[in-house]
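>>> Dropping a prediction and its sequence here:
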Protein chains: 2
Amino acid sequence: MKRSERLVAMTHFILERPRELISLPFFSENYEAAKSSISEDLGIINKMFQHEGIGYLETVSGAAGGVKYIPAFSKSYSDTFVNKLCERLEDPERLLPGGYLFMSDILGDPETTRNIGRLFASAFRGKEIDAIMTVATKGIPLAYAVASYLNVPVVIARRDPKVTEGSTVSINYVSGSTRKIQTMVLTKRSLKEGSKVCIIDDFMKAGGTINGMRNLLKEFNAEVVGIGVLAEAEDEEEDRVVDDYISLVQIMNADDRHHAIEVRPGNLLDHI
Amino acid sequence: MKRSERLVAMTHFILERPRELISLPFFSENYEAAKSSISEDLGIINKMFQHEGIGYLETVSGAAGGVKYIPAFSKSYSDTFVNKLCERLEDPERLLPGGYLFMSDILGDPETTRNIGRLFASAFRGKEIDAIMTVATKGIPLAYAVASYLNVPVVIARRDPKVTEGSTVSINYVSGSTRKIQTMVLTKRSLKEGSKVCIIDDFMKAGGTINGMRNLLKEFNAEVVGIGVLAEAEDEEEDRVVDDYISLVQIMNADDRHHAIEVRPGNLLDHI
């Protein structure tokens, strides 16, 4: 195989396996090339990933060493993406009763959700994470997008206990915005005890739902190592019950009576 | 930029944009290379994509021409993947009451769902599709995976009408297995009238839920151009109400009393 051909195959192989340690001998055998050639190839790939602003290859030295592709959007790409998203969201037509925002078109676009996932993965790249958790329904695509770049499984809590998944653990929690008592369930088999979990959701007002997930995770002796929300909105009536989180955008002054809204970047950009 | 570097950047760029027409002049300007060099590069990429069994570049000639990456798993990779999945599923520990199967670990693994998505995208590659539709909750990751390789948006119907997404269209349908009357809703804004839609779901017994989605789509004057399910299970009590579908695996003789189950490849492999 020529170098040019090998580079195409290796680029695809590496992109498919973020954060997975791949040994030099593996590349060497698989693509029938000397280790020195493979090292040069990896140098080119690393250089170009950084040039394209999509991350870098981390070298792990030693006998059990190799390389890991760490997805990490560049600062400038992240800025551009988040600001464009704010513009798209800052459309009064999106306003729904109760200060909610229509975002299904954005969440329904696989390229956008993938890029949002990549941004969160960039922000959480320094953390040790075993699983991503979300609650049905709208956070699911985001959770998968983040999980895909962190290369970890997704667990999904549900609000209805009618699951055909075997025994479950359930908790009650108070929704911050509506003050109603709600139920959240998670299948026992879906999460190992003691896992390090990152919570992802699409929207946060008072934070009641995220707090519910936090309490559910306690039942699994799991540790919450990160919380990421696509959009956070002000909640006048209540103090927020969740504080240590990363948000992509902040919805300010949503006013469906005056048909006005302001959307600005959240604190995620500080973590890139 | 050297050819070797350009190939890494172009491979990533193309992989991110399945089924999108990219013009030669675009590559030429973006990577500062002559059109003849770009043509050679695309030849190498096309050859290696086929070699790796992940698809091919389709050339569109003429003034508005260019190339499109068509994701298509090779027959041999597809066979291997589906047979391994059957083995993983054919574990009596997965049996749940009512002939259901625990699949959350498989659906929770982003790499597996991505590959399932790629298989369906391969099977549907000849169809003109505007959107993927599923119903909450478990089909969602699969729907996004398929949509991501077909480069189209996802629309999600829900079983509860409590959505904060604006006005909705709702229908009633009879669940084939339980014979209960259920409701399914879809936000009006989420799907354009007259769209060509592919339905994706995780599980099908009698097909009542998929039939429900079909009826809901009628309200949008949408055309169902394909139906794909991860697993189809026998239903003794009822004739299937859906016939023209593609399944990845078939669950046979699920018997939770005798702790026995048989899983074999579905008809998807005939479409690869």
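That came through fine. All values reported here derive from a predicted model rather than from experimental measurement.
>>> Excluding sequence neighbours, find me the nearest residue to A:Met252.
In space, and not counting its chain neighbours, A:Met252 is closest to A:Glu262: 4.2 Å by C-beta to C-beta, 6 or more residues apart in numbering or on different chains. All C-beta atoms are positioned from the backbone trio N, CA, C, and that covers glycine.
>>> quick one: buried residues of the helix or strand that contains the one you found?
Using DSSP states H and E, A:Glu262 falls within strand A:260-265. The neighbour-count check on strand A:260-265 (16 or more other C-beta atoms under 10 Å in any protein chain shown) flags A:Ile261, A:Val263, A:Pro265 as buried.
>>> what's near enough to touch the second one?
By C-beta atoms under 8 Å, 6 or more residues apart in numbering or on different chains, the contact set of A:Val263 is A:Cys86, A:Glu87, A:Leu89, A:Glu90, A:Ala231, A:Val249, A:Gln250, A:Ile251, A:Met252.
>>> Just the pLDDT for the fourth one.
On pLDDT, A:Glu90 comes in at 94.
>>> Roughly how far does it sit from chain B?
Distance check for A:Glu90 against chain B: by C-beta to the nearest C-beta, to the nearest Å, it reads 17 Å.
>>> Report the separation between the residue nearest to that residue when sequence neighbours are not counted and A:Ile200.
Among residues not flanking A:Glu90 along the chain, A:Val263 sits closest, at 4.4 Å (C-beta to C-beta, 6+ apart). Distance, A:Val263 to A:Ile200, using C-beta to C-beta, to the nearest Å: 19 Å.
>>> The strand holding A:Glu262 - which strands sit beside it in the sheet, and in what orientation?
If you go by DSSP bridges, strand A:260-265 pairs up with strand A:246-255 (antiparallel).
>>> and the strand it pairs with, how far from the chain's centre?
Mean C-alpha position of strand A:246-255 versus that of the full chain (C-alpha atoms, centre = their mean, to the nearest Å) differs by 18 Å.
>>> which parts of it are buried?
A:Ile246, A:Ser247, A:Leu248, A:Val249, A:Gln250, A:Ile251, A:Ala254.
>>> for those residues, which one is nearest chain B?
A:Ala254 (12.3 Å; C-beta to the nearest C-beta).
>>> so the closest one makes contact with A:Gly98?
No. Between A:Ala254 and A:Gly98 no contact is recorded; they are 9.2 Å apart, counting by C-beta atoms under 8 Å.
>>> So which bits of the stretch 101-250 of chain A are right by chain B?
Contact residues (C-beta under 8 Å from any C-beta of the partner chain) of the stretch 101-250 of chain A with chain B: A:102, A:104-105, A:108-111, A:113-114, A:136-137, A:140-141, A:144, A:147-148, A:151-156, A:158, A:160, A:164-166, A:187, A:189-190.
>>> Now, those residues that are in helices?
When DSSP state H is applied, those are split such that A:Ser104, A:Asp105, A:Pro110, A:Glu111, A:Thr113, A:Arg114, A:Ile140, A:Pro141, A:Tyr144, A:Ala147, A:Ser148 fall in helices.
>>> hang on, the earlier thing: any chance of the buried residues of strand A:260-265 in TSV, with pLDDT too?
Shown next, in TSV, are the buried residues of strand A:260-265 (pLDDT from 0 to 100):
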residue	pLDDT
A:Ile261	90
A:Val263	95
A:Pro265	97
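>>> so can I have JSON lines of those residues showing distance to B:Lys205?
JSON lines is the format used below for these (distance: C-beta to C-beta, whole Å):
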{"residue": "A:Ile261", "distance to B:Lys205": "44"}
{"residue": "A:Val263", "distance to B:Lys205": "44"}
{"residue": "A:Pro265", "distance to B:Lys205": "46"}
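>>> Tell me the one among those nearest to chain B.
The nearest one, if we look at the buried residues of strand A:260-265 relative to chain B and count by C-beta to the nearest C-beta, is A:Ile261, at 14.8 Å.
>>> ok, for the closest one, nearest residue in space, not its chain neighbours?
Nearest residue to A:Ile261 in three dimensions, chain neighbours excluded: A:Ala254, at 5.0 Å (C-beta to C-beta, 6+ apart).
>>> so what's the one you found up against?
A:Ala254 neighbours (C-beta under 8 Å, 6+ apart): A:Leu95, A:Gly99, A:Leu101, A:Ala233, A:Glu234, A:Ile261, A:Glu262.
>>> next one: A:Val229
Contacts of A:Val229 by C-beta under 8 Å, 6+ apart are A:Ile200, A:Asp201, A:Asp202, A:Phe203, A:Met204, A:Ile210, A:Tyr245, A:Ile246, A:Ser247, A:Leu248, A:Gly266.
>>> what's the answer for A:Ala145, then?
Contacts of A:Ala145 by C-beta under 8 Å, 6+ apart are A:Thr113, A:Arg114, A:Ile116, A:Gly117, A:Arg118, A:Phe120.
>>> which residues touch the last one?
Under the criterion of C-beta under 8 Å, 6+ apart, the neighbours of A:Phe120 are A:Leu142, A:Ala145, A:Val146, A:Tyr149, A:Ile200, A:Gly228, A:Ile246, A:Leu248, A:Leu268.
>>> how far out from the middle of the chain is the helix or strand where it lies?
Taking DSSP H and E as the definition, one finds A:Phe120 inside helix A:110-123. How far helix A:110-123 lies from its chain's middle: 6 Å, per C-alpha atoms, centre = their mean.
>>> thinking again about what came up before, could you check how far the residue nearest to A:Glu90 is from A:Leu230?
Distance check for A:Val263 against A:Leu230: by C-beta to C-beta, it reads 11 Å.
>>> can you check A:Phe13 too?
A:Phe13 is 31 Å from A:Leu230, by C-beta to C-beta.
>>> cool, and A:His259?
23 Å.
>>> So for those two, which residue has more residues nearby?
A:Leu230 (26 against 9; other C-beta atoms under 10 Å in any protein chain shown).
>>> Run through the residues that contact that one.
Taking C-beta under 8 Å, 6+ apart as the test, what A:Leu230 contacts is A:Met103, A:Leu107, A:Ile116, A:Leu142, A:Asp201, A:Asp202, A:Phe203, A:Ser247, A:Leu248, A:Val249.
>>> which SSE is it in?
Assigned by DSSP H and E, A:Leu230 belongs to strand A:223-233.
>>> List the buried residues for that strand?
So for strand A:223-233, counting by 16+ other C-beta under 10 Å, buried means A:Val224, A:Gly226, A:Ile227, A:Gly228, A:Val229, A:Leu230, A:Ala231, A:Glu232, A:Ala233.
>>> Ok, stretch A:56-65 next?
Neighbour counts over stretch A:56-65 (16+ other C-beta under 10 Å) mark A:Tyr56, A:Leu57 as buried.
>>> which residues are in contact with that stretch?
Stretch A:56-65 is contacted from outside by A:14, A:21, A:23-24, A:42, A:45-46, A:49-50, A:66-70, A:72, using C-beta under 8 Å, 6+ apart.
>>> chain center to it: distance?
On C-alpha atoms, centre = their mean, the centre of stretch A:56-65 falls 25 Å from that of its chain.
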